[in-house]
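Engineer: please work out how this folds:
(chains A, B, C and D)
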There are 2 protein chains.
Amino acid sequence: METVNKKILLVEDDPNFGIVLKDYLSMNDFDVTLAKNGMEGYEKFRKDSFDLCILDVMMPYKDGFTLAKEIREKDENIPIIFLTAKTMKEDVLKGYKVGADDYLNKPFDSEVLLFKIKAIIQRKSTESLADSKQFEFEIGNFHLNSKLRFLTYKDEEPIKLSPKENELLRLLALHENDLMPRELALTKIWRDDNYFTSRSMDVYIAKLRKYLKKDEDVEILNIHGEGFRLVVKSEADS
Amino acid sequence: METVNKKILLVEDDPNFGIVLKDYLSMNDFDVTLAKNGMEGYEKFRKDSFDLCILDVMMPYKDGFTLAKEIREKDENIPIIFLTAKTMKEDVLKGYKVGADDYLNKPFDSEVLLFKIKAIIQRKSTESLADSKQFEFEIGNFHLNSKLRFLTYKDEEPIKLSPKENELLRLLALHENDLMPRELALTKIWRDDNYFTSRSMDVYIAKLRKYLKKDEDVEILNIHGEGFRLVVKSEADS
DNA sequence: ATTTTTGTTAACGTTAGGTTAAATGCTTAA
DNA sequence: TTAAGCATTTAACCTAACGTTAACAAAAAT
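Structural biologist: Here you go, the predicted model:
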């Protein structure tokens, strides 16, 4: 016996494209439910349980972002892939803090989609602790793109982050204004909790502080013996 | 609402058999146009668009093979199923290099036909998705024609690309401004992911960078350990 | 006061990537 | 069949990126 197929909710208003994509995914051992607009998509989402959603962004009545927000209200961890028009770029996506797991420009190569689906499902299944792999964050005046590993301050040139810098900052951002325990970062990022990894982490905290100095409302505080706290002052400010 | 019915052109000179077959297919959700000989078949083919053709081979005036050739001149991808007499065997068919998608001996089981039709339509639709391979891209001031494998900068002479150069650039373009994972290119283009193919890919990246140098707004960035990113600056610029 | 924890910088080793050139493989045309 | 002309791989060498560790300073806890 095989393992049970992963279930995908596909919301796409173009019927031809929808069918073709559905068939293609079905052929690749996914159980696909197709909805032709946001309303229907939400209904189907409520009535069933899925492993992943693929949402077209541009749809009449209810666009993909809005639908995603509703879906995330019900399940904040479900992976979502957006299909966007080629003309739509980062800037647009930035506006919507929905937390996409990935997005693809239409038209796209079907094998690329398959690759991404598998990568996401793989990632989710190995992520023991259910934290969403949200990869975009607003941190004061910074924007962190954790997938492309860069940190942008206002309109300046993005700062490239190393994998460790990136993961650490992301982890802090996920706990914004809250304690991010030392042990958590060491376990999740360094996969080992000892004197040296701990010192290594401190080095990375120093690096991040350097980057974040540009915005004086953002800082990383230490909670002695416990961990760190990424604080953003006056977020809902004057 | 379902997707629109598939349209079938059926060319069959035996009126009884033709009608029966047409009705049977109609009952199974196909839109069937019946022509009673090759001439009529060709006329109807020209005036409408179909998803599939079913051609009797043995017909007066214009046989099925000849008709198929004419049809293929107009549309080289349309699926064709031939209905042949039982006595006619492979040898005969071989002579005609028409590119049949399938052929069936008369008399045949109607369910078999149905099955084959569905299989063919299914196959074609996913093929078309797989090479919904967009093959033309605007990359800054470059134009990539990925089918003819050349890259044009403004009005200059097109640069010829080798197959690998072409596929790699195309893959990058499909992910414009986004991460194109190393692993993806290696899997898709090199069909193997090891140290040497990986180094080979790096060589190709270097080649592409050389071509792309002409436009300083276009560059291929590396994301250490992850892959590459084709960035185009100031696309929606002042 | 003294120990422990944290902050920070610098040095180091390792690995990934950048690039060029040579070697190999493939196709084609003489 | 061989040689020319490609495309592609492999090799070689170099630089950049990363992460760890060490060293020392500062802060916090005891």
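Engineer: residues from chain A in reach of DNA strand C?
Structural biologist: A:182, A:198-199, A:202-203, A:205-207, A:209-210, A:222, A:224-226 (Cβ under 7 Å from any atom of the strand). Where you see a C-beta, it was placed from the backbone N, CA and C, and this is true even at glycine.
Engineer: rerun at 10 Å
Structural biologist: By the rule Cβ under 10 Å from any atom of the strand, the part of chain A lying against DNA strand C is A:182, A:195, A:198-210, A:213, A:219-228.
Engineer: if the closest residue to DNA strand C within chain A is in a bridge, with which residues?
Structural biologist: Distance from DNA strand C to each residue of chain A (Cβ to the nearest atom of the strand) is smallest for A:Asn222, at 3.4 Å. For A:Asn222, the beta-bridge partners are A:Phe228 (DSSP bridges).
Engineer: for chain A, what helix or strand is lowest in average pLDDT?
Structural biologist: helix A:90-95 (a mean of 46; mean pLDDT, DSSP states H and E).
Engineer: from A:Leu114, how far off is A:Asp29?
Structural biologist: 10 Å (Cβ to Cβ, to the nearest Å).
Engineer: quick one, helices of chain A?
Structural biologist: A:15-27, A:38-47, A:64-74, A:90-95, A:110-126, A:163-174, A:182-185, A:195-212 (DSSP state H).
Engineer: which residues touch the closest residue to A:Arg229 other than its chain neighbours?
Structural biologist: Distances taken as Cβ to Cβ, 6 or more residues apart in numbering or on different chains put A:Leu221 closest to A:Arg229, at 4.7 Å, once the chain neighbours are dropped. A:Leu221 sits next to A:228-229, A:231 when contact means Cβ atoms under 8 Å, 6 or more residues apart in numbering or on different chains.
Engineer: before we move on, back to that, of A:Asp29 and A:Leu114, which one has the most company?
Structural biologist: A:Leu114 (14 against 10; other Cβ atoms under 10 Å in any protein chain shown).
Engineer: how many neighbours does the residue lying closest to that one once chain neighbours are set aside have?
Structural biologist: With Cβ to Cβ, 6+ apart as the criterion, A:Leu114 has its nearest non-adjacent residue at 5.9 Å, and that residue is A:Asn28. By the criterion of other Cβ under 10 Å, A:Asn28 has 16 neighbours.
Engineer: what's the local residue count around the residue lying closest to A:Lys207 once chain neighbours are set aside?
Structural biologist: Closest residue to A:Lys207 apart from its sequence neighbours, by Cβ to Cβ, 6+ apart: A:Glu165 at 5.9 Å. By the criterion of other Cβ under 10 Å, A:Glu165 has 18 neighbours.
Engineer: equivalent analysis for the one 3 residues further on, please.
Structural biologist: When counting by other Cβ under 10 Å, one arrives at 24 neighbours for A:Leu168.
Engineer: that one contacts A:Ala185, doesn't it?
Structural biologist: Yes. Counting by Cβ atoms under 8 Å, A:Ala185 is a contact partner of A:Leu168 at 6.0 Å.
Engineer: show me which residues of chain A sit near chain B.
Structural biologist: Proximity of chain A to chain B is confined to A:15-16, A:19-21, A:23-24, A:27, A:36, A:86, A:89-90, A:103, A:105, A:107-112, A:115, A:119, A:147-149, A:162-163 under the rule Cβ under 8 Å from any Cβ of the partner chain.
Engineer: list buried residues within these.
Structural biologist: When the residues of chain A next to chain B are checked for burial by 16 or more other Cβ atoms under 10 Å in any protein chain shown, the buried set is A:19-21, A:23-24, A:36, A:89, A:103, A:105, A:108-112, A:115, A:147-149.
Engineer: contacts with DNA strand D among those, please.
Structural biologist: Restricting these to those near DNA strand D by Cβ under 10 Å from any atom of the strand leaves A:Arg149.
Engineer: where does chain A have low pLDDT?
Structural biologist: Chain A contains residues with pLDDT under 70 at A:1-3, A:85-101, A:105-107, A:122-133, A:235-238.
Engineer: interface residues of it facing DNA strand D?
Structural biologist: Listed as neighbours of DNA strand D in chain A under the rule Cβ under 10 Å from any atom of the strand: A:149, A:160-168, A:189-192, A:194-204, A:206-207, A:221-226.
Engineer: of those, just the buried ones, PyMOL syntax please.
Structural biologist: Buried residues within the residues of chain A next to DNA strand D, by 16+ other Cβ under 10 Å, are selected in PyMOL with:
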select buried, chain A and resi 149+161+164+165+166+167+168+189+190+197+200+201+204+207
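Engineer: hang on, the earlier thing: with neighbour count added, can I get the contacts of A:Leu221 in a markdown table?
Structural biologist: Converted to a markdown table, these look like this (neighbours: other Cβ atoms under 10 Å in any protein chain shown):
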| residue | neighbour count |
| --- | --- |
| A:Phe228 | 23 |
| A:Arg229 | 17 |
| A:Val231 | 16 |
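Engineer: count of neighbours near the nearest residue to A:Glu136 once chain neighbours are set aside?
Structural biologist: Setting aside the residues directly before and after it, A:Glu136 is nearest to A:Asn145 in space (Cβ to Cβ, 6+ apart), at 5.7 Å. For A:Asn145, the neighbour count with other Cβ under 10 Å is 19.
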